[in-house]
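**Student:** what's the 3D shape of this:
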Amino acid sequence: TNKRLTELAAAAGRAAQNAGQGVGMNPEEAAQAAVLAAAKATVDLAEEAGRSSDYVGIATEAGRAAQAAGLEANMSTQLAAQAAAVAAATAAADLATAAGVTPDEVAANSGAAAHRAGIAAGMAQRGACHFAAILAGKAAADLAAGASRSAKDVAALAGAAACRAG
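**Tutor:** Below is the predicted model:
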């Protein structure tokens, strides 16, 4: 259930934060560890439940988990919302890439997830669109660079994806 997923993601976030502080991370680094662990736990649990084809839905849940973990770790509201958008975009890109969809679809899913998670985290529409464009562009650039495209191609593909997402 969603409640159980939320509890497990929160527990993963707390464990990461505590472990980080235990090895000498500063509070900001430990909060980042909490955000990443909560988002990853959400994606892993959703995949185990056989929901991996719902890229944007799972990614939005990962964003919510990241935001909650960030807030619990004393991140500012703004930073936690940004963490939600980034976590969602990353999760959507990873899930879509693993499913073998086209690079354009990966970037589109990444941007859509960033936008949805940003709005859910309380970002203004303009801020959420801004993050969606940036993160869709990043997803496109990462895929193009991974495919050994030229720097010019990488930049062009990133710009086109950012423009579409914006």
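**Student:** Run through the chain and note the low-pLDDT ranges.
**Tutor:** Along the chain, the parts satisfying pLDDT under 70 run over 1, 154, 158, 166.
**Student:** Mind jotting down where the helices sit in it?
**Tutor:** Defined through DSSP state H, the helices belonging to the chain, from first to last, are 2-22, 27-48, 55-72, 77-98, 103-120, 125-146, 151-165.
**Student:** Same list (the ones you listed) but as CSV, adding mean neighbour count.
**Tutor:** The C-beta positions use only the backbone N, C-alpha and C, and glycine is treated the same way. Conversion of the helices of the chain to CSV gives the following (neighbours: other Cβ atoms under 10 Å):
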stretch, mean neighbour count
helix 2-22, 17
helix 27-48, 22
helix 55-72, 26
helix 77-98, 25
helix 103-120, 26
helix 125-146, 21
helix 151-165, 17
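**Student:** Could you measure from the residue nearest the centre of the chain over to residue 77?
**Tutor:** Among the residues of the chain, residue 87 comes closest to the average C-alpha position under Cα atoms, centre = their mean, at 1.8 Å. The gap separating residue 87 from residue 77 is 16 Å, by Cβ to Cβ, to the nearest Å.
**Student:** what does residue 48 give?
**Tutor:** 31 Å.
**Student:** I'd say the residue nearest to the centre of the chain and residue 60 touch.
**Tutor:** No: in this structure, residue 87 is not within contact of residue 60 by Cβ atoms under 8 Å, at 9.8 Å.
**Student:** okay, and the common contacts of the two?
**Tutor:** residue 117 (Cβ atoms under 8 Å, 6 or more residues apart in numbering).
**Student:** Now residue 75: phi and psi?
**Tutor:** Residue 75 adopts backbone torsions of phi -70, psi 150, taken as degrees, to the nearest 10.
**Student:** Quick one: residues contacting it.
**Tutor:** Neighbour list for residue 75: 31, 35, 83 [criterion: Cβ under 8 Å, 6+ apart].
**Student:** again with residue 108
**Tutor:** With contact taken as Cβ under 8 Å, 6+ apart, residue 108 is in contact with 136, 161, 164, 165.
**Student:** and if we set it to 10 Å?
**Tutor:** Going by Cβ atoms under 10 Å, 6 or more residues apart in numbering, residue 108 touches 55-56, 92, 96, 101-102, 132, 136, 139-140, 161, 164-165.
**Student:** likewise residue 9?
**Tutor:** Under the criterion of Cβ under 10 Å, 6+ apart, the contact list for residue 9 reads 37-45, 61-62, 64-66, 68-69.
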